[in-house]
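>>> Kindly return the folded structure for what I paste below:
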Amino acid sequence: MVSVRAKRAKMAAAAEAEQQKAVAMAKVRELQDELQKVTDKLVKKTEELEHKYERKKVPIYDRRSLVINSIPEFWLTAFLKHPTLGTLLTQEDQQIFRYLDSLYVEDLQYPQKGYCITFNFKINPYFENETLSKTVDYTDECLETTCTTIRWKEGKAPPAISVVPVEERDKRLLPFITSFFKWFGYAAEDTMGSDQDLVGDMIKDELWVNPLNHVTLLLFLVYFFLSL
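Numbering: from 1, shown residues only. This is a model prediction of the structure:
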């Protein structure tokens with residue numbers, strides 16, 4: 001039989017081992033907290049640096065917009081050639097986009113996280129607005145969006161039933177979309193992901209950053225011959 005003294009020694013050794021483990025775990029937590037502080041500083045510095053260089057892009061974007069505005073139907077072509085956004089434009093939407101004068105994306109003022117997308121239109125037979133915009137704000141935990149209310153002319157509002165075939169739409173986006181312009185009235189919870197505006201994010205991060213990825217050589221050939 002194991003003696004009482006041996007049992008006590010074994011229990012004491014186990015208790016000491018547990019105490020050493022607890023001390024070590026506390027030290028690990030302390031070091032993890034130090035690492036997290038460094039990570040937080042890195043994130044903050046990265047955001048500040050990113051904002052600094054994003055601001056440097058603004059005048060270049062402005063100069064690019066002046067050139068794009070001289071190219072007929074540039075943004076319509078870019079939207080249609082985008083593999084996802086192009087599926088959201090109905091035939092009627094495409095006719096409306098022919099009146100699109102310019103498109104602009106602007107980041108919210110730092111430290112806010114988000115952007116505002118603005119569509120400027122020529123006078124057209126579809127709605128009274130000359131400017132349509134949507135602001136997507138990721139600053140708080142809850143995504144917030146604010147949109148222009150479109151003042152449709154009589155009989156020009158999009159239908160209540162979708163005319164875009166389901167198989168041609170990205171199901172992550174607006175499952176019941178009847179027109180791209182419905183996006184101005186949709187909040188994030190109307191999509192499959194309530195923590196982001198997928199349509200807005202694609203316009204900002206893909207279409208706006210480099211629309212040439214979605215514009216074919218044909219458009220430039222047309223523009224070239226029109227300018228002769």
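
>>> And the strands in this protein, which stretches?
100-107, 114-121, 131-137, 144-147 (DSSP state E).

>>> what would those look like in JSON lines with mean pLDDT?
Listed next are those as JSON lines, based on pLDDT from 0 to 100:
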{"stretch": "strand 100-107", "mean pLDDT": "94"}
{"stretch": "strand 114-121", "mean pLDDT": "95"}
{"stretch": "strand 131-137", "mean pLDDT": "93"}
{"stretch": "strand 144-147", "mean pLDDT": "88"}
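
>>> Helices along this structure, start to end?
Here the chain has its helices, by DSSP state H, at 4-68, 74-81, 91-97, 198-202, 217-226.

>>> Averaged pLDDT, the longest one. What do you get?
In this model, helix 4-68 has a mean pLDDT of 89.

>>> Kindly report the same for the third one.
For helix 91-97, the per-residue pLDDT values average out at 93.

>>> gap between it and the chain center?
When distances are taken as C-alpha atoms, centre = their mean, to the nearest Å, helix 91-97 is centred 23 Å away from the chain's centroid.

>>> Other residues contacting it?
Contact partners of helix 91-97, identified using C-beta atoms under 8 Å, 6 or more residues apart in numbering, comprise 73, 75-76, 79-80, 89, 121, 124, 126, 158, 179-181. The way it works is simple: take the backbone N, C-alpha and C, and place the C-beta from them, glycine included.

>>> Looking at those residues, which one is closest to residue 62?
residue 75 (15.9 Å; C-beta to C-beta).

>>> if I look at that closest one, how far off is residue 207?
8 Å (C-beta to C-beta, to the nearest Å).

>>> Likewise for residue 179?
Separation of residue 179 from residue 207 (C-beta to C-beta) stands at 18 Å.

>>> Spatially, what comes nearest to the spatially most central residue of the chain if we skip its sequence neighbours?
The centroid of the chain falls nearest to residue 201 when counting by C-alpha atoms, centre = their mean (1.8 Å). The shortest distance from residue 201 to any non-neighbouring residue, by C-beta to C-beta, 6 or more residues apart in numbering, is to residue 136 (7.7 Å).

>>> Residue 144 too?
residue 137 is the one closest to residue 144 (C-beta to C-beta, 6+ apart), at 4.5 Å.

>>> Contact partners for the one you found?
108, 112-114, 143-146.

>>> if we can go back for a sec, residue 200 is in contact with the residue nearest to residue 201, correct?
Yes: between residue 136 and residue 200 there is a contact under C-beta atoms under 8 Å: 4.7 Å.

>>> Need the residues touching each of the two.
Joint contacts of residue 136 and residue 200 (C-beta under 8 Å, 6+ apart) are 115, 117, 145.

>>> how near is the first one to residue 40?
To tie it back to what came earlier, the one meant is residue 115. 24 Å.

>>> Good, we can wrap up now.
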